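Participant: here are the coordinates; sequence isn't available:
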C-alpha cells in the first residue's frame, strides 16, 4: 500500500497525458503482480495444510 501511495503521489506531480498513462500502466502492473504473488502464497498455504493432514 505504501508503494502504491507514493506512486500515486508521483503521478499527481507529473504533468502530461503520456506520463500519466505510463504511470497508470505501472500501477496496474504492480497491482497485478501483487495479487499474483498473493494467490501463489495462498496456494502454498493450502498445500501445506493439506500435507499436514
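Facilitator: In hand now; what should we look at? The model shown is predicted, which means the values in this text are computed figures rather than measured ones.

Participant: per-residue confidence for residue 20?
Facilitator: The per-residue pLDDT reported for residue 20 equals 75.

Participant: buried residues in the helix or strand harbouring residue 43?
Facilitator: Using DSSP states H and E, residue 43 falls within helix 17-52. Of all the residues in helix 17-52, those buried under the rule 16 or more other C-beta atoms under 10 Å are 23, 27. In this view, the C-beta of every residue, glycine as well, is placed from N, C-alpha and C.

Participant: other SSEs contacting that helix?
Facilitator: If you count contacts as 3 or more C-beta pairs under 8 Å, 6 or more residues apart in numbering; DSSP states H and E, helix 17-52 packs onto helix 2-13.

Participant: Now the helix it packs on: average pLDDT?
Facilitator: 67.

Participant: can you start the count at 32 instead of 1 from here on
Facilitator: In the new numbering, first residue 32, that becomes helix 33-44.

Participant: any idea how far residue 54 is from residue 78?
Facilitator: 36 Å (C-beta to C-beta, to the nearest Å).

Participant: go on, residue 81?
Facilitator: For residue 81, the distance to residue 54 - C-beta to C-beta - is 41 Å.

Participant: same check, this time on residue 61
Facilitator: 10 Å.

Participant: cool, and residue 72?
Facilitator: In terms of C-beta to C-beta, residue 72 sits 27 Å off from residue 54.

Participant: And residue 62, by the same measure?
Facilitator: 13 Å.

Participant: Kindly report the same for residue 84.
Facilitator: From residue 84 to residue 54 the distance is 46 Å (C-beta to C-beta).

Participant: tell me the mean pLDDT for stretch 58-77?
Facilitator: The model assigns stretch 58-77 a mean pLDDT of 83.

Participant: Spell out which residues are contacts of both of residue 62 and residue 54.
Facilitator: Taking C-beta atoms under 8 Å, 6 or more residues apart in numbering as the contact definition, residue 62 and residue 54 share no neighbouring residue.

Participant: show me the contacts for residue 69.
Facilitator: Residue 69 neighbours (C-beta under 8 Å, 6+ apart): none.
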